[in-house]
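*Asks:* sequence and predicted structure are below.
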Amino acid sequence: MRHYQLFLLEEDVAQHYFGQESKLFHLFLERTMASPEQKQIIDLQIEYISKPMPGLLLQQKMMAAFSNLSSYKVNKHIHVLDLAQPESCAELLIHKKHLSLTSTGEIEAETMFFEVLRKIDPCFFAINFETHRFGWLNPIKQVKFV
């Protein structure tokens with residue numbers, strides 16, 4: 001089973017930390033291990049660099065992308081893709097400040113969700129705290145000044 005948390009970061013933060021994603025990861029990781037007092041401070045930092053989830057837009061885009069699939073189910077803010085071939089299941093929960101994605105089996109179902117999300121906004125940052133894997137759903141292109 002794989003668990004991801006996805007955060008929508010401000011564009012200027014995404015551009016500034018392109019290539020330095022480990023710094024962002026460590027901020028989010030510190031929050032998971034912080035004392036209640038430290039957690040409040042880290043929450044303020046995360047709130048400052050993040051955008052709220054565009055809940056309605058996410059709901060609309062997910063339904064537009066998957067409503068024709070029998071393997072897709074939605075219940076309020078919970079979206080599920082359960083594919084038979086290949087065996088792959090992913091559940092996406094929409095929260096106010098982040099998304100949670102849990103998947104089992106092959107990666108196809110989670111990849112389908114990621115594809116829709118990266119088209120909505122290029123600044124989604126995904127984190128798997130268990131495996132310490134993290135990155136942009138859609139890599140930010142760095143502007144080169146000549």
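*Replies:* Arrived safely, thanks for sending. Residues are numbered from 1 along each chain as shown.

*Asks:* so what touches the strand or helix carrying residue 40?
*Replies:* Assigned by DSSP states H and E, residue 40 falls within helix 36-49. The contact list for helix 36-49 (CB atoms under 8 Å, 6 or more residues apart in numbering) reads 7, 9-10, 13, 27-28, 30-31, 34, 97. Placement of C-beta: from N, CA and C, glycine included.

*Asks:* among those residues, which one has the most neighbours?
*Replies:* Counting neighbours by other CB atoms under 10 Å, residue 9 leads these with 22 neighbours.

*Asks:* ok, what's across the strand from that residue?
*Replies:* The partner list for residue 9 in beta bridges (DSSP bridges) reads residue 50.

*Asks:* and if you look at residue 126?
*Replies:* For residue 126, the beta-bridge partners are residue 6, residue 135 (DSSP bridges).

*Asks:* buried set for stretch 93-110?
*Replies:* Buried residues in stretch 93-110, defined by neighbour count with 16 or more other CB atoms under 10 Å: 94, 98-99, 101, 103, 105, 108-110.

*Asks:* so how far is the next helix or strand after the helix holding residue 40 from its chain's centroid?
*Replies:* Counting by DSSP H and E, the next helix or strand C-terminal to helix 36-49 is helix 55-66. Centroid displacement of helix 55-66 relative to its chain, using CA atoms, centre = their mean, to the nearest Å, is 15 Å.

*Asks:* what's helix 55-66 packed up against?
*Replies:* strand 72-75, strand 78-83, strand 88-94, helix 108-120 (3 or more CB pairs under 8 Å, 6 or more residues apart in numbering; DSSP states H and E).

*Asks:* please repeat the previous calculation with a cut-off of 7 Å.
*Replies:* Contacts defined by 3 or more CB pairs under 7 Å, 6 or more residues apart in numbering; DSSP states H and E place helix 55-66 against helix 108-120.

*Asks:* can you tell me which helices and strands the helix it packs on packs against?
*Replies:* helix 55-66, strand 78-83, strand 88-94, strand 99-105.

*Asks:* give me the contact list for the first one.
*Replies:* It stands for helix 55-66. Residues outside helix 55-66 that contact it (CB atoms under 7 Å, 6 or more residues apart in numbering): 72, 74, 79, 81, 94, 116, 120.

*Asks:* apart from its neighbours in sequence, what residue is nearest residue 107?
*Replies:* What sits nearest to residue 107 in space, not counting adjacent residues and going by CB to CB, 6 or more residues apart in numbering, is residue 88, at 6.8 Å.
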